[in-house]
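Chemist: Just the structure for this:
(chains A and B)
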2 protein chains.
Amino acid sequence: MAIQKPGIPKGTRDFSPTEMGRRNYLFDTIKSVFRRYGFAPLETPSMEHLSTLLGKYGEEGDKLLFKVLNSGNFLKEVGSSELLAASENGNPVAIGNKICEKGLRYDLTVPFARYVVQHRDELVFPFKRYQIQPVWRADRPQKGRYREFCQCDVDVVGSESLLHEAELIQIVQDVFAALKIRVVLKLNNRKILYGIAETIGHADKMTEITVAIDKLDKIGLEAVNEELAGRGLSAEAIGRLQPILQLSGNNREKVDAITRIIGDCSETGRKGIDEVTTLLDYLDAIEVALPVELDLSLARGLNYYTGAIFEVKALDFPIGSICGGGRYDNLTGIFGLPNTSGVGISFGADRIYDVLSGLNLFPEEAAESVRALFANFGGKEEIGAFRLLTDVRRAGVAADLYPEAAKMKKQFDYAQKRGIRYMVFVGETEMESRCATVKNLHTGEQHTVPFDETADFLNR
Amino acid sequence: MAIQKPGIPKGTRDFSPTEMGRRNYLFDTIKSVFRRYGFAPLETPSMEHLSTLLGKYGEEGDKLLFKVLNSGNFLKEVGSSELLAASENGNPVAIGNKICEKGLRYDLTVPFARYVVQHRDELVFPFKRYQIQPVWRADRPQKGRYREFCQCDVDVVGSESLLHEAELIQIVQDVFAALKIRVVLKLNNRKILYGIAETIGHADKMTEITVAIDKLDKIGLEAVNEELAGRGLSAEAIGRLQPILQLSGNNREKVDAITRIIGDCSETGRKGIDEVTTLLDYLDAIEVALPVELDLSLARGLNYYTGAIFEVKALDFPIGSICGGGRYDNLTGIFGLPNTSGVGISFGADRIYDVLSGLNLFPEEAAESVRALFANFGGKEEIGAFRLLTDVRRAGVAADLYPEAAKMKKQFDYAQKRGIRYMVFVGETEMESRCATVKNLHTGEQHTVPFDETADFLNR
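Modeler: From the prediction side, this is the model:
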């Protein structure tokens, strides 16, 4: 067989042992917080029926789905005239959907909704789950955007209680505290956004207003106003929107201001204000230390949110939002279970990784795979080292024996290249005295350590 | 949009929180052993170039690859006459390979070989990695056979040292000891199998002999002899094979017998015997307690093995091999890195799960996602409970607050259905005395526990 030049599909990644060590540190930290808050792990298949995925992510999303070719004679359902037509007009989407019954997971939300509906009779509600799995999108790859990447979602469905919003904010606090990343959480409520649209007489244009407001940070007030005018808002309506776009003060002051503006114009708006007030009360009661900032310009893209919305930004590193989510009232409707409210957030693993990396916050141990290398002198000493190694490993120390009696320089080099901290020597003298010689390769220090204390010594 | 009946592709699985808890217990146990032995985690992309996968798993394997449809106009490279021909003769394989440039990972071995060659200049050899990721095969689904399943591989490449064989056997010992599964490890060496073929004058028929011998357990001596005759072995050769097929005694006795049989007839055979002897010496020296049985009828299907081969069976549960592997001398050759010896084993996660399940060996905690449910009395007491809950969670206890002030029966039912052990009550009295009432739902016992001792109490 011809020799093949090895490579991987664009937009995908290998994760080396060092990267894996750091990713595991990140995911383990997140998982341990999720678990404390009563969320249980769930996993769904990588492949879903294509029909489960199609139409859930908009037209653009449909194009970005990876489709899996049917096994066997995949052309058998396709007529030859259909084939020829598609081949000629260069638009084989319909055929793609015939020759592929399955697609790769595009996010974790739709499979979760599908799972909840499919297992509704076995589940106990409120159902709290976290899910950390890769998703696939046929996006054009670029820096920071991959075709395979890990999502990290935590959701509770089947309860309208705002306690869940509060505990999700605690989770954000605990995760980033554990990771030592300073963040701010921006908070808003879709009902308030609707209330604003209703108040300025444009309830029908809530989406347009929301989309424009969402850009305030990026394009500035003037451009937002222009966009609003372009989207058909009257000058009067835009005028009434200004105090909201320029709201300032602390959270309670903002709530008061927006309460005055909405007045009796919107029942939904009032409900949103009540929700935010209750949530802020909870956060005060449980003494949340995380900076939480009510930001009425926060809209978030996804249209399924119906209540609270969140977004988290790192304070010390320039990168987009690293975590976000909100409450949705009808996620499971499309699969036949209406009126099931849920709330959840998603941690952007790749971006958080970049923040940890950029701020040099990964603990040194995260990338360490082996703590000690036992030198190999061959013969009787090799056996002596192998025995001590066995004891040390059994005590939980990650350790290795150089696999052959090579020159000592080669063995040292190996330890250094792997970033191993300790080198352990069991030669003739050591076997007689039952004391190993342990050299710290980082500091150069050398110690004589009794065999039965070696594991403890290395574990320190 | 029409309501869709939810379901998943056949041969795939959702893993519920209970199953995930058990799977995590299994994988965490395996990983912690791998790490102690100096193996570092590696992950490769789910999709590989189809050319990386094709031709690596035999003709049958090629058919079982899941192919991923190219994005955009996937038909553009295919001529219409080619399309029509394929559509008519019902054999669109060539077209499948044109409209799909990517395929889903079929195992972890080929991507590992691809990784090693691609990153040969950054890696330090011997390179020790473990990899636990799903693989996909378009097999006909049946009981215990899935289209998506997790493989769990540990390999070292770049060293011929038999120390690695010994440490892999230690890993098997430690993993199954930790899981409390009693197992036997069967051991053989491909060089001995070749030596046998050479000795009986049929070096050219090593594969046929191996395949037939491999069936000894399943079809019996007579049928194996018939098959050998059918495959063109002379009666004399079959006769010379009999003492080997009927070898008995302990490992050292078997080694002596096979040494006598092979004599000076096969240098390769002698080398295999030396390897087994060295390995048995290592196992004695490090006092491996795992039953290791030299079994000359063990052949293993995969043709790339060239030295030691292993297979592990559960002693108390009727299921095929739950773990296996061996040494290979040229895995990376196809990708341009010849003569790189490696050795590895693979743990059959689904089968091991079935053994643990069948023998009731999963620890109770593995499926437990929440340890305590705090009752919700609403109002001031809700806040009191939420505060204590926050402390308890911060101390590492997985706990929940019922999200609304529902009837107590409903809250109890919820705790019971989720299998939660403790229910914690913070009512008016409790808030005054700063002592929670904790009820053990498994035993019915009730305790009064000071707030600042509640976390410790629940953690016990």
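Chemist: how about stretch A:53-68: buried residues?
Modeler: Neighbour counts over stretch A:53-68 (16 or more other Cβ atoms under 10 Å in any protein chain shown) mark A:Leu53, A:Leu54, A:Lys56, A:Tyr57, A:Gly61, A:Asp62, A:Leu64, A:Leu65, A:Phe66, A:Lys67, A:Val68 as buried. Yep, even glycine has a C-beta here, placed from its N, CA and C like the rest.
Chemist: beta partners for the closest residue to A:Pro291 other than its chain neighbours?
Modeler: Nearest-residue entry for A:Pro291: A:Val184, 4.6 Å, with adjacent residues in sequence omitted and distances by Cβ to Cβ, 6 or more residues apart in numbering or on different chains. Applying DSSP bridges to A:Val184 gives these bridge partners: A:Lys313.
Chemist: now A:Leu104
Modeler: As for beta bridges, A:Leu104 partners with A:Met47 under DSSP bridges.
Chemist: Help me confirm that it comes into contact with A:Phe66.
Modeler: Yes. Using Cβ atoms under 8 Å, A:Leu104 is in contact with A:Phe66, at 4.2 Å.
Chemist: Now for the two: what residues contact both?
Modeler: Shared contacts of A:Leu104 and A:Phe66 (Cβ atoms under 8 Å, 6 or more residues apart in numbering or on different chains): A:Trp136, B:Val68.
Chemist: So A:Leu221 sits against A:Ile244, correct?
Modeler: No. Between A:Leu221 and A:Ile244 there is no contact under Cβ under 8 Å: 11.3 Å.
Chemist: Look at these two and report which has more neighbours.
Modeler: Taking other Cβ atoms under 10 Å in any protein chain shown, A:Leu221 and A:Ile244 do not tie; A:Ile244 has more neighbours (21 against 12).
Chemist: contacting residues around that one?
Modeler: A:Ile244 is in contact with A:Ile196, A:Ile258, A:Ile261, A:Leu296, counting by Cβ under 8 Å, 6+ apart.
Chemist: related to what we said a few turns ago, restricting to the buried residues of stretch A:53-68, which residues neighbour chain B?
Modeler: With Cβ under 8 Å from any Cβ of the partner chain as the criterion, these include A:Leu64, A:Phe66, A:Lys67, A:Val68 near chain B.
Chemist: and which of the residues you listed is nearest to chain B?
Modeler: Nearest to chain B among those: A:Lys67, at 4.3 Å, using Cβ to the nearest Cβ.
Chemist: was I right about the closest one contacting A:Ile95?
Modeler: No. If you go by Cβ under 8 Å, A:Lys67 and A:Ile95 don't touch, sitting 10.7 Å apart.
Chemist: what's the burial count for A:Glu453?
Modeler: A:Glu453 sits with 11 neighbouring residues when counted by other Cβ under 10 Å.
Chemist: Which strand or helix spans it?
Modeler: helix A:451-459 (DSSP states H and E).
Chemist: ok, and for that helix, which residues are buried?
Modeler: Quick answer for helix A:451-459 (16+ other Cβ under 10 Å): A:Phe451, A:Thr454, A:Ala455, A:Phe457, A:Leu458.
Chemist: Now do the same contact list for the closest residue in space to the first one that isn't next to it in sequence.
Modeler: Looking back up the chat, that one is A:Phe451. Of all residues not flanking A:Phe451 in the chain, A:Arg434 sits nearest, at 4.8 Å (Cβ to Cβ, 6+ apart). Shown in contact with A:Arg434 (Cβ under 8 Å, 6+ apart): A:Pro450, A:Phe451, A:Asp452.
Chemist: who does the one helix or strand A:Ile258 maps to touch, helix- and strand-wise?
Modeler: Assigned by DSSP H and E, A:Ile258 falls within helix A:251-262. Helices and strands touching helix A:251-262, by 3 or more Cβ pairs under 8 Å, 6 or more residues apart in numbering or on different chains; DSSP states H and E, are helix A:190-199, helix A:235-245, helix A:267-285, strand A:292-294.
Chemist: how about the shortest one, does it get close to chain B?
Modeler: So the one you mean is strand A:292-294. No. If you take Cβ under 8 Å from any Cβ as the test, strand A:292-294 misses chain B, and the best it gets is 15.4 Å.
Chemist: buried sites along that strand?
Modeler: By neighbour count with 16+ other Cβ under 10 Å, strand A:292-294 contains the buried residues A:Val292, A:Leu294.
Chemist: Now do A:Ala2, the pLDDT please.
Modeler: With respect to pLDDT, A:Ala2 scores 62.
Chemist: now A:Leu245
Modeler: As predicted, A:Leu245 sits at a pLDDT of 81.
Chemist: That one contacts A:Leu216, doesn't it?
Modeler: Yes. Between A:Leu245 and A:Leu216 there is a contact under Cβ under 8 Å: 6.4 Å.
Chemist: In a helix, A:Asp107, correct?
Modeler: No. Residue state for A:Asp107 (DSSP: H, G, I helix; E, B strand; the rest coil) corresponds to coil; a helix is not indicated.
Chemist: measure it to A:Arg387 for me?
Modeler: Look at A:Asp107 and A:Arg387: by Cβ to Cβ, to the nearest Å, they are 51 Å apart.
Chemist: With A:Asn225 instead?
Modeler: Distance, A:Asn225 to A:Arg387, using Cβ to Cβ: 78 Å.
Chemist: With B:Lys76 as the reference, measure out to A:Pro92.
Modeler: Noted for A:Pro92: a distance of 9 Å to B:Lys76, by Cβ to Cβ.
Chemist: For these two, indicate the residue with more neighbours.
Modeler: Neighbours around A:Pro92 and B:Lys76, counted as other Cβ under 10 Å, are more numerous at A:Pro92. The numbers are 24 against 12.
Chemist: pLDDT averaged over stretch A:349-365 - what is it?
Modeler: Mean per-residue pLDDT for stretch A:349-365: 95.
Chemist: What of stretch A:418-433?
Modeler: 96.
Chemist: Same question for that stretch: list its buried residues.
Modeler: Across stretch A:418-433, burial judged by 16+ other Cβ under 10 Å covers A:Arg418, A:Ile420, A:Arg421, A:Tyr422, A:Met423, A:Val424, A:Phe425, A:Val426, A:Glu430, A:Met431.
Chemist: what do you get for stretch A:237-244?
Modeler: Along stretch A:237-244, these residues count as buried under the neighbour rule (16+ other Cβ under 10 Å): A:Ala237, A:Ile238, A:Arg240, A:Leu241, A:Ile244.
Chemist: What sits closest to the fourth one if chain neighbours are left out?
Modeler: Leaving out its chain neighbours, the residue that sits closest to A:Leu241 by Cβ to Cβ, 6+ apart is A:Ile200, at 5.6 Å.
Chemist: Kind regards, and thank you for your time.
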